[in-house]
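In: Give me the fold of what follows.
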Amino acid sequence: MSSLQLPNKEKAYVPPHKIVNYLLSETHAIGKSKARFLRSLGFDENMVAELEQGLLEIAQTGEVKESIVSPHGTKYVIDGFLKTPQGFSVQMRTIWIIEARHQAPRFVTAYPI
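Out: This next block holds a predicted model:
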């Protein structure tokens with residue numbers, strides 16, 4: 001049996017504000033704990049492209065662990081390894097959504113597991 005992949009994974013994208021104003025924001029109400037974690041691994045404003053690429057790699061290569069249908073679209077939970085600027089990998093859970101009437105999976109959030 002083959003693993004379930006993210007539909008349209010080649011079209012997956014990470015909105016830039018999600019990285020700068022959320023995942024790396026030390027003042028965001030929800031994102032600040034993630035920012036502390038990611039910054040401790042060497043990610044910062046100079047590493048936005050690398051963080052984005054790492055998240056996309058999880059979306060494009062990881063197995064869908066769960067899908068959740070809502071009125072807004074379908075969310076997909078994908079676990080994978082994020083390579084850090086320090087040269088090692090950490091296990092992360094990522095959430096993506098394909099909104100109703102859209103095809104491209106959009107990044108929602110990520111956190112360590």
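In: Just give me the neighbour total for the residue nearest to Leu41 when sequence neighbours are not counted.
Out: For Leu41, ignoring the flanking residues on the chain, the nearest one in space by Cβ to Cβ, 6 or more residues apart in numbering is Thr84 at 4.2 Å. (C-beta placed from N, C-alpha, C; glycine too.) Residue neighbour count, defined by other Cβ atoms under 10 Å, stands at 18 for Thr84.
In: Got the phi and psi for Thr84?
Out: For Thr84, the backbone dihedrals (degrees, to the nearest 10) come out as phi -100, psi 160.
In: pretty sure it is in contact with Gln91, am I right?
Out: No. Using Cβ atoms under 8 Å, Thr84 and Gln91 do not qualify as a contacting pair, with a distance of 11.5 Å.
In: if we can go back for a sec, dump the residue contacts of the residue nearest to Leu41.
Out: With contacts defined as Cβ atoms under 8 Å, 6 or more residues apart in numbering, the neighbours of Thr84 are 41-43, 90.
In: Out of these, list just those in strands.
Out: Secondary structure assignment (DSSP state E) places Val90 from those within strands.
In: Give the ChimeraX command for selecting the buried subset of the contacts of Thr84.
Out: The following ChimeraX selection, which keeps only the buried ones among the contacts of Thr84, applies the criterion 16 or more other Cβ atoms under 10 Å:
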select :41,43,90
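In: buried sites along stretch 24-36?
Out: So stretch 24-36, judged by 16+ other Cβ under 10 Å, has buried residues 24-25, 31, 34-35.
In: what about dumping the CA coordinates of the longest helix seen in the chain to PDB?
Out: Secondary structure of the chain read by DSSP state H shows that its longest helix is helix 48-61. Only the C-alpha atoms of helix 48-61 are listed here, as PDB (Å, rounded to 0.1, in the frame of the first residue of the first chain):
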ATOM      1  CA  VAL A  48      13.700  32.900   5.600                       C
ATOM      2  CA  ALA A  49      14.300  31.200   2.200                       C
ATOM      3  CA  GLU A  50      16.000  28.200   3.900                       C
ATOM      4  CA  LEU A  51      13.100  27.800   6.300                       C
ATOM      5  CA  GLU A  52      10.600  28.100   3.500                       C
ATOM      6  CA  GLN A  53      12.400  25.500   1.400                       C
ATOM      7  CA  GLY A  54      12.600  23.100   4.400                       C
ATOM      8  CA  LEU A  55       8.800  23.400   5.000                       C
ATOM      9  CA  LEU A  56       8.100  22.900   1.300                       C
ATOM     10  CA  GLU A  57      10.300  19.800   1.300                       C
ATOM     11  CA  ILE A  58       8.300  18.300   4.100                       C
ATOM     12  CA  ALA A  59       5.100  19.000   2.100                       C
ATOM     13  CA  GLN A  60       6.500  17.500  -1.000                       C
ATOM     14  CA  THR A  61       8.100  14.400   0.400                       C
END
